[in-house]
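Asker: need a 3D model of the following:
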Amino acid sequence: MTLPPLDVSRETLARIEAFVPLLLRWNERINLIAPTTEAVLRQRHVADSLQLLPLIPPGEGAVGDLGSGGGFPGLVLAMALERSVHLVEADRRKAAFLQTAAGELGLTHVRVHAARIEAVSLPPLAVLTARALAPLERMLPWAERLLAPDGVAIFPKGRSALEEMEAAALGWTMTAERFKSTTDAEASIFRLTRIRRAGA
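Answerer: So this is what the prediction gives:
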């Protein structure tokens with residue numbers, strides 16, 4: 001499937017322009033992104049995150065992002081959303097960066113959780129995202145636990161997307177939509193609902 005068109009406000013673009021130099025300064029001290037991707041930061045990381053925006057259902061329900069790291073995709077999405085966003089990052093230095101960035105960008109609706117995914121306590125989420133975190137079959141138990149009954153998981157995946165879905169389908173049932181990435185010809189984005197263990 002083709003992604004819906006992306007519409008980003010001037011306020012969101014202004015936040016992104018303030019975010020990029022902040023991330024690059026922090027990247028000199030802690031590994032937020034690979035140094036080889038600094039030159040293509042806007043395309044490789046920012047645009048790659050923003051393309052998820054049209055897949056997020058409208059509403060006021062909370063959004064959660066697992067393994068937020070340098071803020072992709074969760075913090076970038078939060079720049080364009082006016083709803084509660086929870087960023088989960090176990091590395092305390094990266095969590096400190098996320099907290100600082102949210103504060104400097106005026107993202108008062110963002111909460112950073114410096115905790116492991118298995119231990120984090122969140123409200124039932126309307127939307128769950130995660131990027132370059134783990135194989136799909138490892139992420140589905142987290143999605144099942146954290147999502148509200150009608151919640152949506154949005155997971156970008158690389159060239160192994162179909163293999164990951166086949167492996168996950170052995171133990172899980174779900175309604176799955178697959179979209180072509182606009183930033184990587186070999187990547188896909190899964191939008192998943194009704195995630196259940198097989199036989200449950």
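Asker: contacts and neighbour counts: CA atoms only from here.
Answerer: Noted.
Asker: quick one, strands of the protein?
Answerer: 63-66, 85-88, 110-113, 125-130, 147-157, 172-180, 188-197 (DSSP state E).
Asker: list of residues touching the third one?
Answerer: Looking back up the chat, that one is strand 110-113. For strand 110-113, contacts defined as Cα atoms under 8 Å, 6 or more residues apart in numbering pick out 75, 78, 84-90, 95, 98-99, 102, 120.
Asker: pull out the buried members of the residues you listed.
Answerer: In the contacts of strand 110-113, burial by neighbour count holds for 75, 78, 84-90, 95, 98-99, 102, counting by 16 or more other Cα atoms under 10 Å.
Asker: so what's Met1 closest to, chain neighbours aside?
Answerer: Nearest non-adjacent residue to Met1, counting by Cα to Cα, 6 or more residues apart in numbering: Phe179, 4.6 Å away.
Asker: and Glu186, by the same measure?
Answerer: Closest residue in space to Glu186, ignoring its immediate chain neighbours: Arg159 at 5.2 Å, by Cα to Cα, 6+ apart.
Asker: gap between the one you found and Met165?
Answerer: Per Cα to Cα, to the nearest Å, Arg159 is found 12 Å from Met165.
Asker: so between those two, which is more surrounded?
Answerer: Neighbour totals were compared for Arg159 and Met165, and Met165 leads with 17 against 12 (other Cα atoms under 10 Å).
Asker: so that one sits right up against Arg138, yeah?
Answerer: No: with contact defined as Cα atoms under 8 Å, Met165 does not reach Arg138; the gap is 11.2 Å.
Asker: just the pLDDT for Asp184.
Answerer: As predicted, Asp184 sits at a pLDDT of 89.
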